[in-house]
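**Student:** Dropping the sequence and predicted coords here.
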Amino acid sequence: MRVWFLKETDSICTSCGRGCNVTIGSRLEEVYRLTPRDNNDVNSAWMCDHGRLNFHYLNSELRLTDPLVRGEEGHSQTSWQEAIQIAGDQLHRYGANEVAVIASARLTNEELFMARRLADALHTEFVDVVPRSGEADNYLVAADRNPNTTGAKLILGIEEPGKALADIRKGIEQGRIRALVVLQENLINDAGFTAEELGKLDFLLVTYPLANPTAEVADVVLPGAAFAEKRGSMINVTGRLQRLNKANDGPGQTRGVWEIVRDLIQSVGGGNGIYSVDEVFKQLAAEVKEFEGLTLASIGDQGLPILETGETIPLLERERERIAKGIVVG
């Protein structure tokens, strides 16, 4: 694809907690490249190779495109209305703390806020995210391989991501947790769960962009949008609030997770609908003080610092030293 045919959308990389600023190059609902975008408070003009190339799954043949429900002969396609109705009817059956919610630190702040609302509607204290870690490269790549752990801790009230997963697994084993909602995670591949233990649940709902082993054993599977297919915000490891922008629609009937969770909440307990991600952010800002006075639009293309985390960016530290020594002009 010739680059001059590409539509360019400013966004952020979601391959680790750094949140490097990027430009998404897309055409006809397909992403063709990610390139670094200047931000002297995050990544200067650089990004790592993994982040640059970590978009090919968006165009994978494994993409989930339609809601699926399990029947006697396996999964079959259905409408969003029916899938949400089935899920709501099932989740409504359970009492306090009989349902767990495992969200993802790859979700936007708005999606995490809706996940918290869902947990409240289900009267459950069992809420967690799946942690990911790796070796930092002492330049840009952060040890935290999730892009929004900071947001998950702040919005979900999680002090140590992953700590509650053991309690959730124990609850499933003992039959105390009877249903599980999994938002954009593959528990079997990425969190050590097994198909056997998930099979002990009365009901399992999974949202994810791709077909995966966890979705294979789920009762309801819902196609969730990936990073280039949604608008929202995340907080990087240094406490900077940044915005994702939507480059294209997801395949088939893919939906943003905030919309999916909104519909689940309404199906479980009723309530008024929310009709835009900007409305979600407005409610988030009214409840979480770090967002007070902000709107999704006011974040801007360069982001805003809203938290002090003590984390530094080695690449920028080196650049500042070189500028001070006159080695680099800028």
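**Tutor:** Received the coordinates, thanks. It should be emphasised that the depicted structure is a prediction, and the values quoted were computed from it without experimental measurement. Residues are numbered from 1 along each chain as shown.

**Student:** can we go C-alpha only for contacts and neighbour counts from here?
**Tutor:** Noted.

**Student:** Any buried residues in the lowest-mean-pLDDT helix or strand in the chain, and which?
**Tutor:** Across the helices and strands of the chain, mean confidence by mean pLDDT, DSSP states H and E is lowest for helix 314-324: a mean of 84. Judged by neighbour count using 16 or more other Cα atoms under 10 Å, the buried positions of helix 314-324 are P314, L315, L316, E319.

**Student:** Just to check, the third one is in contact with N39?
**Tutor:** I take that to be L316. No. The pair L316 and N39 fails to qualify as a contact (Cα atoms under 8 Å) at a distance of 10.4 Å.

**Student:** which residues of this protein score low on pLDDT?
**Tutor:** 328-330 (pLDDT under 70).

**Student:** hey, where'd the strands end up in it?
**Tutor:** 7-12, 21-27, 30-36, 68-71, 74-77, 99-103, 127-129, 179-183, 203-208, 220-223, 232-235, 240-244, 304-305 (DSSP state E).

**Student:** which helices and strands does the last one pack with?
**Tutor:** Think strand 304-305. strand 240-244 (3 or more Cα pairs under 8 Å, 6 or more residues apart in numbering; DSSP states H and E).

**Student:** in its sheet, what does the strand it packs on sit against?
**Tutor:** Here strand 240-244 has these sheet partners by DSSP bridges: strand 232-235 (antiparallel), strand 304-305 (antiparallel).

**Student:** quick one: the last one to chain centroid distance?
**Tutor:** Using Cα atoms, centre = their mean, to the nearest Å, we find the averaged C-alpha position of strand 304-305 to lie 20 Å away from the chain's own average C-alpha position.

**Student:** Same question for the longest one.
**Tutor:** Put simply, strand 232-235 sits 9 Å off its chain's centre (Cα atoms, centre = their mean).

**Student:** For A121, see how far away the closest residue to E292 other than its chain neighbours is.
**Tutor:** Nearest residue to E292, sequence neighbours excluded (Cα to Cα, 6 or more residues apart in numbering): A285, at 4.7 Å. For A285, the distance to A121 equals 20 Å [Cα to Cα, to the nearest Å].

**Student:** circling back: in contact with the residue nearest to E292: list those residues for me.
**Tutor:** F291, E292, G293, L294, T295 (Cα atoms under 8 Å, 6 or more residues apart in numbering).

**Student:** ok, the closest residue in space to M1 that isn't next to it in sequence - contacts?
**Tutor:** Of all residues not flanking M1 in the chain, Y32 sits nearest, at 7.5 Å (Cα to Cα, 6+ apart). Going by Cα under 8 Å, 6+ apart, Y32 touches M1, I24, G25, S26.

**Student:** What is the neighbour count of E197?
**Tutor:** Look at E197: counted by other Cα atoms under 10 Å, it has 12 neighbours.

**Student:** thought it was touching I172?
**Tutor:** Yes. Assessed by Cα under 8 Å, E197 is found in contact with I172 at 7.1 Å.

**Student:** which residues in this protein form helices?
**Tutor:** Along the chain, counting by DSSP state H, helices occupy 49-53, 80-91, 109-121, 149-156, 165-174, 187-190, 195-198, 213-216, 257-269, 277-287, 314-324.

**Student:** a markdown table for those, including distance to N97?
**Tutor:** A markdown table is the format used below for those (distance: least, Cα to Cα, whole Å):
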| stretch | distance to N97 |
| --- | --- |
| helix 49-53 | 38 |
| helix 80-91 | 11 |
| helix 109-121 | 9 |
| helix 149-156 | 16 |
| helix 165-174 | 10 |
| helix 187-190 | 20 |
| helix 195-198 | 17 |
| helix 213-216 | 22 |
| helix 257-269 | 15 |
| helix 277-287 | 23 |
| helix 314-324 | 43 |
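
**Student:** how about those helices, which one is nearest E229?
**Tutor:** Among these, the nearest to E229 by Cα to Cα is helix 257-269 (10.8 Å).

**Student:** buried ones in that closest one?
**Tutor:** V257, W258, E259, I260, V261, R262, D263, L264, I265, Q266, S267, V268.

**Student:** can you tell me which residues contact the first one?
**Tutor:** I take that to be V257. Counted by Cα under 8 Å, 6+ apart, V257 has contacts E111, L183, T207, G224, A225.

**Student:** List only buried entries from those.
**Tutor:** Buried among the contacts of V257 (16+ other Cα under 10 Å): E111, L183, T207, G224, A225.

**Student:** Give me the nearest residue to the last one, chain neighbours excluded.
**Tutor:** Spelled out, it's A225. Nearest to A225 is G256, by Cα to Cα, 6+ apart, at 4.9 Å.

**Student:** my guess is that neighbour contacts A228, does it?
**Tutor:** No. The criterion here is Cα under 8 Å, and G256 misses it with A228 at 10.8 Å.

**Student:** quick one: which of these two has more around it?
**Tutor:** More neighbours surround A228 than the other of G256 and A228, with 25 against 21 (other Cα under 10 Å).
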